[in-house]
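Enquirer: Next come a sequence and a model predicted from it.
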There are 2 protein chains.
Amino acid sequence: MTEDFSGYKGRALENLKKVGAEIGDMLRVTKNAESYEGILIPRSEYSDETHIVVKLRNGYNIGIELSSETKIEKIGKGTKPTFAAPPQPTQNPRLPKVTIISTGGTIASRVDYRTGGVRPALTASDLYSVVPELADIARIDAKILFSIFSENITSKQWTELARTIAQNINEEVEGIVVAHGTDTMGYTAAALSFALQELPIPVVIVGAQRSADRPSSDAATNLIGAVSVAAKAPFAEVTIAMHESTSDESIVFHRGTKVRKCHASRRDAFKTVNATPLARMKDQQLTMLTQNYKKRSTSTHLMLKPEFSDKAALIKFYPDMDPTIIDWLVDKDYKGMILEGTGLGHVSKRSFEAIQRATEKKVVIGMTSQCVWGRINMNVYDAGRDLLARGVIPLEDMLSETALVKLMWVLGQTNDPEKAKTLMITNIAGEISLRTVSE
Amino acid sequence: MTEDFSGYKGRALENLKKVGAEIGDMLRVTKNAESYEGILIPRSEYSDETHIVVKLRNGYNIGIELSSETKIEKIGKGTKPTFAAPPQPTQNPRLPKVTIISTGGTIASRVDYRTGGVRPALTASDLYSVVPELADIARIDAKILFSIFSENITSKQWTELARTIAQNINEEVEGIVVAHGTDTMGYTAAALSFALQELPIPVVIVGAQRSADRPSSDAATNLIGAVSVAAKAPFAEVTIAMHESTSDESIVFHRGTKVRKCHASRRDAFKTVNATPLARMKDQQLTMLTQNYKKRSTSTHLMLKPEFSDKAALIKFYPDMDPTIIDWLVDKDYKGMILEGTGLGHVSKRSFEAIQRATEKKVVIGMTSQCVWGRINMNVYDAGRDLLARGVIPLEDMLSETALVKLMWVLGQTNDPEKAKTLMITNIAGEISLRTVSE
């Protein structure tokens, strides 16, 4: 068995080797008459060479800087984690086929029981073994595409993911499940909604706010909901499957263009904004919450449009914002930007000149609201009308995050700014809700 | 009576003068066999010279580009608006004194009944005449400080407003009301919370989502609530007074550091995030919703700290974000930035180098979450720990907007980055909620 010093290097590594301590071992570290006892935990590839990190008995991690006065003692040996290979369940040939594509994130990770750190370690087939109920719902083909925490996912991964899903749709599955970190899951859901048009089957993105081996984990229930919908649901759209409330009772399916993560840690963090979620699963029953959805159909032929441009930016407006940020982006050859303005879609007058300069250079500028909820309306106040006169595109009730992704996608489809502007205000994947009488 | 061509210039102005049409007149505009009838409405100072804008009978405004084929006919004369000087009500000497300071915005504006445009026209004493109930609640001293739509308010106005409030506190009033546009009201509320410490009396910021002469206006009820609280409430904090729900039944008072505008148009747009609002007024009764508040006290002496730095930026992270934006800000001599990260407080690995460069140059970098709700926790995942190792300050459950304002304020108080970092994680005005067991 190889020794494990994950993330330690330089002086820290030498000090650990000297006392024969490796990851998972119980240490006593004494420094300046203070003594800390805890388990040595791994560090990341970006760590420095002068600290070691131990997990104290109270659960907190502390970093201790090594100096000539620091004394490290190994007081207990760590247990090596053993992951047994999952048994391959017998697959019922009469069940629908579902492909699970894993990209990383908490649902595809496991807490290291020695260190308390969460790492993207679990393979897609591990997932399957963790949630045996899946064997009764579908024949599952599990694939690992990436193992990336979602804050690191970029449009390159969106493109690759869209292409992979398209290939799998050709393999006659009933539905696709994508396991994804929750941090940018909303952005990816929007990206797939634009990249995968005319879907014949559902594409369900699923994540977890708590990893699979924590008692409060939402991983299993979310995954069961996602696989069930992929296998059987009547709708063929890109959705996110997550807890509806803090209880395990129901999983809700959000349209990919209308959903955002609205809480840092709660299991019901994802909310559909300015619309109704597509469906709810409760007691293994799926209830449609709207009749306005695209239907599953074997006669529909996927239109794959997986190109995105990275020359689009999202700028959140704030008081005192320096408008030369807009000039800087224009000078960097950006082709588009989303301004997350205030209220009904405003930014300060002192930004107008930079905005005008940008639109004159054919940069596509769309306006959303930092309120999150509601619809912009740039016809009410002078500021809005002045921005419209400068060519800013009012993006109705589109989420800022969806607007950014759509702009990246639009600029991946066309180099013509006028076509891009038209596409931005065309409802492509349910990203714009119809105005209702009550608004 | 002078003619009114507000905002029209050049060719548009000439065309209007030719037919003797001015603002408020009913026109018929014919172009390419299409004919539009509507009221000529004013344009802003930024308008072009080639369009005129009319308000159609259905309420929509349309801009019509003038060409050689365009024919303008005046088919009706507008009525001049007449604003009668408000009667000065007799002031009851036994009522508490309240100062209303007007800064602009919808609560201080009126829809021009001819044009449907909303303009910051109403003076503070007009406000008083529009809401006669105020005469029974307090003796009111109304002042106009600015007449600015709130998207144009900057830290310069925060400073001036804080100084003006301090002067008025010295004039022995029972409370201060600030009328403010709702777009950046949350930012100003946070700014005053930090600038006005040890308040002896309440400072209530109030706005309206619908202007005073619309049937659905929330201006009067919000103002009555704000003045009542300024006059009598037991708490002496900076709060925002707005509708609690879409009905007129209750006004809720949000702590200035924990509130944000969460809907573009609803009357209950403002929500307290990650905390409980301070109080509710319903049926003229004020109910405290928490016991954790600063009490009104004549023996408390205001600490005025009105300085803000504009060398702080707010950056909302998104996939594909170019990390050189951070370098650009550092090179522009920015002293601090708030990163609005994903989930528990993450940004992509490819930003780490720029972040490290910034912190090495003593730029103060604070992390908040774009989820809006919840608390960041940078100890759970490697990404968070790596950012902490690079000197990023975890800002707990602070709103991004409040965090930006606080950083601007902190950098206005000290040039010492270490002191600034300490201040950022010190709870000064209720901006950080204590961690609760349920989290």
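Expert: Nice, I can see it. Numbering: from 1, shown residues only, chains lettered A, B, ... in the order given.

Enquirer: contacts, neighbours, all on C-alpha from now
Expert: Noted.

Enquirer: So what would you say the end-to-end distance of stretch A:332-349 is?
Expert: Start and end residues of stretch A:332-349 are separated by 23 Å (Cα to Cα, to the nearest Å).

Enquirer: Rounded mean pLDDT for that stretch, please.
Expert: On average, the pLDDT along stretch A:332-349 is 97.

Enquirer: touching chain B at all, it?
Expert: Yes: looking at stretch A:332-349 against chain B by Cα under 8 Å from any Cα of the partner chain, the contacts come from A:342-344, A:346-349.

Enquirer: So which bits of that stretch are buried?
Expert: Applying a neighbour-count criterion of 16 or more other Cα atoms under 10 Å in any protein chain shown, one finds A:334-349 buried in stretch A:332-349.

Enquirer: re the thing from before, out of the residues of stretch A:332-349 next to chain B, which sit inside strands?
Expert: Using DSSP state E, no member of the residues of stretch A:332-349 next to chain B falls within strands.

Enquirer: which of those lies closest to A:Thr290?
Expert: Distance from A:Thr290 was checked for each of those by Cα to Cα. The minimum falls on A:Leu344, at 27.0 Å.

Enquirer: Now do the residue nearest to that closest one when sequence neighbours are not counted: how many residues are near it, please.
Expert: In this structure, A:Leu344 finds its nearest non-sequential neighbour in A:Ile376, 4.1 Å apart by Cα to Cα, 6 or more residues apart in numbering or on different chains. Using other Cα atoms under 10 Å in any protein chain shown, the number of residues around A:Ile376 comes to 27.

Enquirer: Check the one 3 residues further on too.
Expert: With neighbours defined by other Cα under 10 Å, the count for A:Asn379 comes to 19.

Enquirer: Give the helix, strand or coil label for it.
Expert: Here A:Asn379 is coil, with the state taken from DSSP: H, G, I helix; E, B strand; the rest coil.

Enquirer: is it true that it touches A:Arg385?
Expert: Yes: between A:Asn379 and A:Arg385 a contact is recorded at 5.4 Å, counting by Cα atoms under 8 Å.

Enquirer: and the stretch 251-400 of chain A, which residues reach chain B?
Expert: The stretch 251-400 of chain A has residues A:260-266, A:310, A:313-316, A:318-321, A:342-344, A:346-350, A:369-376, A:379-382, A:386, A:389 near chain B, with proximity defined as Cα under 8 Å from any Cα.

Enquirer: Return the subset of those lying in helices.
Expert: If you go by DSSP state H, these have A:382, A:386, A:389 in helices.

Enquirer: Make sure A:Lys335 is actually in contact with A:Thr359.
Expert: No: between A:Lys335 and A:Thr359 there is no contact under Cα under 8 Å: 9.7 Å.

Enquirer: which non-adjacent residue is nearest A:Ala279?
Expert: A:Ala279 sits nearest to A:Met288 (Cα to Cα, 6+ apart), 4.3 Å away.

Enquirer: Which stretches in the stretch 251-400 of chain A count as strands?
Expert: Here the stretch 251-400 of chain A has its strands, by DSSP state E, counting those that start in this stretch, at A:259-261, A:270-272, A:279-282, A:285-288, A:303-304, A:312-316, A:336-341, A:364-369, A:393-394.

Enquirer: Can you mark which positions in the third one are buried?
Expert: Residues A:279-281 are the ones in strand A:279-282 that count as buried (16+ other Cα under 10 Å).

Enquirer: any chance of the residues you listed in CSV, with pLDDT too?
Expert: Output for those, formatted as CSV (pLDDT from 0 to 100):
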residue, pLDDT
A:Ala279, 98
A:Arg280, 98
A:Met281, 97
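
Enquirer: Columns distance to B:Thr182 on top of the residues you listed, output as CSV?
Expert: Output for the buried residues of strand A:279-282, formatted as CSV (distance: Cα to Cα, whole Å):
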residue, distance to B:Thr182
A:Ala279, 35
A:Arg280, 36
A:Met281, 39
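
Enquirer: What residues of whichever strand or helix holds A:Arg11 count as buried?
Expert: For A:Arg11, the host element (DSSP states H and E) is helix A:10-18. Within helix A:10-18, the residues that count as buried by 16+ other Cα under 10 Å are A:11-13, A:15-16.

Enquirer: What is the nearest of those residues to chain B?
Expert: A:Ala12 (15.2 Å; Cα to the nearest Cα).

Enquirer: Hmm, that closest one is touching A:Leu66, no?
Expert: Yes: using Cα under 8 Å, A:Ala12 is in contact with A:Leu66, at 7.2 Å.

Enquirer: what touches both of those two?
Expert: Shared contacts of A:Ala12 and A:Leu66 (Cα atoms under 8 Å, 6 or more residues apart in numbering or on different chains): A:50-52.

Enquirer: which of the residues you listed has the most neighbours?
Expert: A:Ile52 leads these on contacts (other Cα under 10 Å) with 24 neighbours.

Enquirer: low pLDDT regions in the stretch 51-200 of chain A?
Expert: Within the stretch 51-200 of chain A, the ranges that satisfy pLDDT under 70 run A:58-61, A:79-90, A:108-129.

Enquirer: At which residues are the strands of it located?
Expert: Under the criterion DSSP E, counting those that start in this stretch, the stretch 51-200 of chain A contains strands at A:51-56, A:61-65, A:71-76, A:97-102, A:110-111, A:118-119, A:139-144, A:175-179, A:196-197.

Enquirer: which of those strands sits most buried?
Expert: strand A:175-179 (a mean of 29; mean count of other Cα atoms under 10 Å in any protein chain shown).

Enquirer: Report the angle between that strand and strand A:97-102.
Expert: With axes from the mean of the first three to the mean of the last three Cα atoms, to 10 degrees as the basis, strand A:175-179 and strand A:97-102 are set at 20 degrees to each other.

Enquirer: Show the secondary-structure elements that strand A:175-179 is packed against.
Expert: Other elements packing on strand A:175-179 under the criterion 3 or more Cα pairs under 8 Å, 6 or more residues apart in numbering or on different chains; DSSP states H and E are strand A:97-102, helix A:155-169, strand A:203-206, helix A:219-232.
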